[in-house]
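1. The following comprises the amino acid sequence and a computationally predicted model.
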Amino acid sequence: MKGRHFSMRTLTAIILVIAVVGIFGYALYDIQIVNEEYYKARNNADKIYTVSIEAARGEIVDRNGNSLVSNRQGNSIILDAAYFPTKSDNASRNAVIINLISLFEQNGEEYVNNLPLVLNGNSIEFTDDEDAVATMKSKDVFNLQSYATAQNCFDAMVDEYGLEEYDTETALKIGAIRYELTRLMFSIENPVTIANDVSSETVAAIKEDQKDYLGANVKAVAYREYTDSTIAPHILGTIRKINADEYSTLKDSGYNITDSIGESGIEAAMESELRGTPGEMTITIDKDGNVTEEITKNPVQGNTVVLTIDRDLQRLAQQKLEETCNSVSASDSAGAVVVEDVNSGEILAAASYPTYDINDYYSNYSSLASDKRNPLWNRFALGTYAPGSTFKPAMACAALEEGIINENTTFRCRGIFQYYDVTFHCLNNRAHGNENVKEALRDSCNIFFYNCADRLGISKMNEYASMFGLGEKTGVEINEAAGVLAGPASAQRYNRKWQMGDTIQSAIGQSDNLFTPLQLSNYCAAVANGGTRYEMHFVKSIINTSNGSIDETGASVAEELPISSNTFSIVQQGMRMVATTGAPASVFNKISTDVSCKTGTSQVIKNGEKVNNGFLITYAPYENPEISIASVIELAGSGTSTAEITSSIIDYYYSNNTDEKPAQQTGSLLD
């Protein structure tokens with residue numbers, strides 16, 4: 001029985017061996033006899049690869065063609081897989097990399113290090129970048145469990161890259177570059193940059209010594225350059241390297257894992273226009289290993305984006321905003337100002353303070369991000385504020401249009417307003433006596449508008465506030481906040497019940513009302529132009545790099561307000577009285593342009609104390625308005641404190657926009 005079983009197993013094994021030999025024999029016969037010519041030709045064929053050539057980003061200019069963002073040519077150092085030692089030859093790869101690191105350190109160059117491991121004393125530790133740590137542990141890199149320690153990761157790196165002969169510090173340096181090659185899927189089709197914007201000494205050394213720096217090459221790169229890197233950083237925005245999630249989404253659109261992409265501001269919003277069209281280089285490797293390169297498709301620079309802002313007006317707005325904030329409190333005050341064309345929605349200037357130098361964003365990000373005054377925060381688009389009495393013109397429009405009041409209706413102000421068991425006060429507890437709507441706007445009489453709110457109700461109040469775009473986005477290309485329009489819905493979000501007393505408070509821009517300076521400027525513009533609310537925009541036109549054609553953005557109407565011209569006339573007259581005989585009259589009477597405005601204050605808690613933010617909305621000229629301005633100064637105490645900013649902007653604007661010097665058309669400016 002045992003012998004028979006043994007014989008069957010032996011027979012089965014012999015059959016399997018014969019079958020395998022037969023299969024290999026047939027394959028060998030097919031290669032050497034039947035398809036000899038095919039395989040010989042294939043073995044001798046050239047290997048061809050296509051490498052993408054990054055296109056320079058398009059330029060960004062102001063409305064007059066003044067350059068804001070352009071490009072300068074510099075040099076980066078890349079590793080090219082067509083010449084670099086193969087992945088299996090760890091020793092040779094590491095030798096080249098250590099030579100490059102020595103050169104970089106000798107010449108003071110920064111080189112790539114995205115490896116999330118650091119040496120702390122004698123211990124290997126993770127950096128704070130949790131996403132980078134997860135990437136390092138992933139199956140595409142070191143294939144470790146999520147619970148792997150920093151030492152586990154280091155050990156895996158040493159084993160993967162053959163770094164056993166190096167001390168820990170050196171192994172981390174070499175490993176950082178090797179890790180970058182792995183992370184960015186290094187290949188002939190995908191060279192990887194290991195040092196940016198290097199000196200001419202480094203370029204010369206690499207070009208002259210191709211043996212020690214085998215596979216390293218110099219790549220001409222267009223780097224972003226700013227005519228004045230302090231102008232409009234919150235508008236222009238920043239660029240950065242594409243991340244893994246973005247790459248997975250955008251790779252089918254022609255993006256490479258090594259590409260840069262707009263991160264914020266106009267750089268992000270206009271990415272598709274600014275990016276340009278990549279070129280192509282064809283690399284051929286023949287059967288003897290000889291490499292030839294040929295540019296088969298030239299890259300095309302991205303289109304030019306023309307902004308609506310005026311460079312010099314923007315600079316002035318920033319300067320005056322900084323001066324005012326620092327005069328209020330050099331350590332705590334902040335603010336924003338927006339200047340808008342009331343007849344198109346074009347933004348002529350928009351400033352946020354504290355601000356930053358955009359060149360420092362890349363080299364000093366950690367410090368900027370941790371600054372308690374938050375200079376990176378865009379207050380004119382993302383900052384939301386209780387608008388205080390700047391809300392009253394909208395209330396006046398609602399009350400007049402709904403027939404609650406007319407031009408001559410008066411309410412008596414005794415300084416207080418008793419609403420059931422709650423007592424509301426007028427501004428500074430003043431008693432204004434009998435006032436009509438124009439006088440109430442001039443004196444910012446709370447009592448008058450409390451009476452209007454009591455008769456209108458919150459639904460009708462918000463209907464008109466929404467017409468003016470308050471509590472909703474303005475349409476600008478960059479990120480902006482929607483804000484909050486006070487009412488039952490906002491109360492529910494804050495887990496409380498809306499009370500009738502909230503309606504009274506809402507009438508003077510308090511309660512839950514939170515609006516951005518962009519919204520306040522656009523609301524003021526709609527009052528000024530008689531009821532047309534435009535979508536606000538920063539992009540005036542796009543100039544096509546390939547053919548020079550110009551695509552104008554043009555004005556886009558968001559809403560035609562169903563409010564009568566008589567109502568607007570009454571409100572405009574009241575706002576004119578604010579400028580001529582109200583609190584800011586001493587400032588506005590000094591300039592030659594007639595303006596209309598409305599001040600506002602809102603109470604906030606700062607360091608445990610009650611303080612006021614100051615607001616001002618203004619349009620000019622009073623007859624045939626052209627521009628609106630909204631400003632907020634945190635901790636200013638009153639809206640009048642912002643009048644100096646506004647008057648300086650108006651004075652500058654009309655000193656530089658006269659009949660003798662008409663504005664040029666975009667096309668002629670950029671020819």
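-> Thanks, I have it.
2. Name all residues that make contact with Thr545.
-> Counting by C-beta atoms under 8 Å, 6 or more residues apart in numbering, Thr545 touches 58, 276, 300-304. Glycine gets a C-beta too; all of them are placed from N, C-alpha and C.
3. which stretches of the chain aren't confidently modelled?
-> Scanning the chain for pLDDT under 70 picks out 1-45, 657-671.
4. Report the central residue of the protein.
-> Ser264 (1.7 Å; C-alpha atoms, centre = their mean).
5. got the phi/psi numbers for that residue?
-> Taking degrees, to the nearest 10, you get phi -150, psi 170 for the backbone angles of Ser264.
6. Test my guess that Asp212 contacts Asn99.
-> Yes. Counting by C-beta atoms under 8 Å, Asn99 is a contact partner of Asp212 at 4.6 Å.
7. Might you calculate how far the helix or strand hosting Glu273 sits from the centre of the chain?
-> In the assignment (DSSP states H and E), Glu273 maps to helix 271-274. Here helix 271-274 is found 14 Å from its chain centre; the criterion is C-alpha atoms, centre = their mean, to the nearest Å.
8. Quick one: list the elements packing against the next helix or strand after it.
-> Per DSSP H and E, the first helix or strand lying C-terminal to helix 271-274 is strand 279-285. On a contact count with 3 or more C-beta pairs under 8 Å, 6 or more residues apart in numbering; DSSP states H and E, strand 279-285 meets strand 47-53, strand 291-297.
9. mind checking how far the residue nearest to the centre of the chain is from Ile239?
-> 9 Å (C-beta to C-beta, to the nearest Å).
10. circling back to that earlier point, contacts for the helix holding Glu273, please.
-> With C-beta under 8 Å, 6+ apart, helix 271-274 has contacts from 57-58, 60, 261-262, 267, 302-303, 305, 542.
11. CA atoms of it as CSV?
-> This file holds the C-alpha atoms of helix 271-274, laid out as CSV (Å, rounded to 0.1, in the frame of the first residue of the first chain):
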residue,chain,number,x,y,z
GLU,A,271,-5.7,79.3,-11.4
SER,A,272,-7.1,78.1,-14.7
GLU,A,273,-6.1,81.4,-16.4
LEU,A,274,-2.8,81.9,-14.7
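12. so how many other residues sit close to Ser253?
-> 8 (other C-beta atoms under 10 Å).
13. next one: whichever helix or strand Val69 is part of to chain centre, how far?
-> Using DSSP H and E, Val69 sits within strand 67-79. When C-alpha coordinates are averaged (C-alpha atoms, centre = their mean), strand 67-79 and its chain have centres 21 Å apart.
14. Tell me the strands beside that strand, with direction?
-> Sheet pairing of strand 67-79 (DSSP bridges) gives strand 60-61 (antiparallel), strand 192-195 (antiparallel), strand 216-226 (antiparallel).
15. can you tell which of the ones you listed is closest to Thr249?
-> With C-beta to C-beta as the measure, strand 192-195 is the member of those nearest Thr249 (21.1 Å).
16. Can you give me the buried ones in that closest one?
-> 192-195 (16 or more other C-beta atoms under 10 Å).
17. which residues are contacting it?
-> Here strand 192-195 makes contact (C-beta under 8 Å, 6+ apart) with 76-79, 100, 104, 109-112, 177, 180-181, 184, 186, 202, 216, 219, 258.
18. now could you export just the CA positions of it as CSV?
-> Output in CSV follows, covering the C-alpha atoms of strand 192-195 (Å, rounded to 0.1, in the frame of the first residue of the first chain):
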residue,chain,number,x,y,z
VAL,A,192,12.1,65.8,-9.0
THR,A,193,13.4,69.2,-7.7
ILE,A,194,15.6,69.0,-4.7
ALA,A,195,16.8,72.7,-4.3
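19. could you give the angle of the helix or strand that that strand is followed by to strand 216-226?
-> Next along the chain after strand 192-195, taking DSSP H and E as the criterion, comes helix 200-208. Using axes from the mean of the first three to the mean of the last three C-alpha atoms, to 10 degrees, the inter-axis angle of helix 200-208 relative to strand 216-226 is 150 degrees.
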